[in-house]
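Asks: fold the stuff below for me.
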Amino acid sequence: MTLAVLRLVPVAAGDLDTALGALPALRLVRATEGLFLCCAADLTDVARTLLARAGIATEACIAAPAPPAGWLPARAPDLAPLPRSGTLDSLDLRAIGMGEATARLMRRGPLGRLLPFGSRPDVAQVRAILHGEDRVIAWRRALWVDRALFRTAALRGARPIVFDRAAVASGEERLLLAGIGAIARWIRA
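Replies: Have a look, this model is predicted:
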């Protein structure tokens, strides 16, 4: 699969989470150089259209920034904003279909803790998914951090990945509702 990279420039407020939830899979990368979106090349035109409707201008790029040598990978437990200098923040998003979304929202037990809206199913949220008024997005967040930043309070709960470097690409998939705007807050922070 060929990847396309777009540099994103927020120009207006819009429903960014719903636009990103309409794409099957993508990666957002936030670095000192800016914000970048990586998606399948055949989805570039669709991505640009959806992002334009959400108030984001796009520019084609050759590649997203890579972490400098010596930076440590880490996992963040939530989408709380982190400082841009000294970090490279990566967010993998996957659109969840209506069937899987309602099944996961209705599921109770050990996966309930993955839901930011509680372990008990909320009938109104499930109804919003079924009526197409909201979307469920799965996300994984990975960070690459300058070693000196781990000694500061700026990372708020981020844990370094020391031994298993393959854990950067895999990890616990968490869910969010597009209607709460968590990705837009992460982007604009």
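Asks: and residue 113, what pLDDT?
Replies: Note on residue 113: pLDDT of 45.
Asks: who's in contact with residue 51?
Replies: 6, 8, 16, 19, 37, 57-58 (Cβ atoms under 8 Å, 6 or more residues apart in numbering). Any C-beta I mention is one placed from the backbone N, CA and C, and that applies to glycine too.
Asks: list the buried residues in stretch 28-46.
Replies: Under the neighbour-count criterion of 16 or more other Cβ atoms under 10 Å, stretch 28-46 has 28-31, 35-40, 43-44 buried.
Asks: make CSV out of those and add distance to residue 70, secondary structure and pLDDT.
Replies: Listed next are the buried residues of stretch 28-46 as CSV, based on distance: Cβ to Cβ, whole Å; DSSP: H, G, I helix; E, B strand; the rest coil; pLDDT from 0 to 100:
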residue, distance to residue 70, secondary structure, pLDDT
28, 24, strand, 96
29, 19, strand, 95
30, 20, strand, 94
31, 16, strand, 92
35, 23, strand, 95
36, 21, strand, 97
37, 26, strand, 96
38, 23, strand, 96
39, 29, strand, 96
40, 31, strand, 95
43, 34, helix, 95
44, 33, helix, 95
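Asks: TSV for those residues, including distance to residue 84?
Replies: Shown next, in TSV, are the buried residues of stretch 28-46 (distance: Cβ to Cβ, whole Å):
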residue	distance to residue 84
28	13
29	12
30	7
31	7
35	10
36	13
37	17
38	18
39	22
40	27
43	27
44	25
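Asks: for the residue nearest to the spatial centre of the chain, which three-state class applies?
Replies: Among the residues of the chain, residue 91 comes closest to the average C-alpha position under Cα atoms, centre = their mean, at 3.6 Å. Look at residue 91: counting by DSSP: H, G, I helix; E, B strand; the rest coil, its state is strand.
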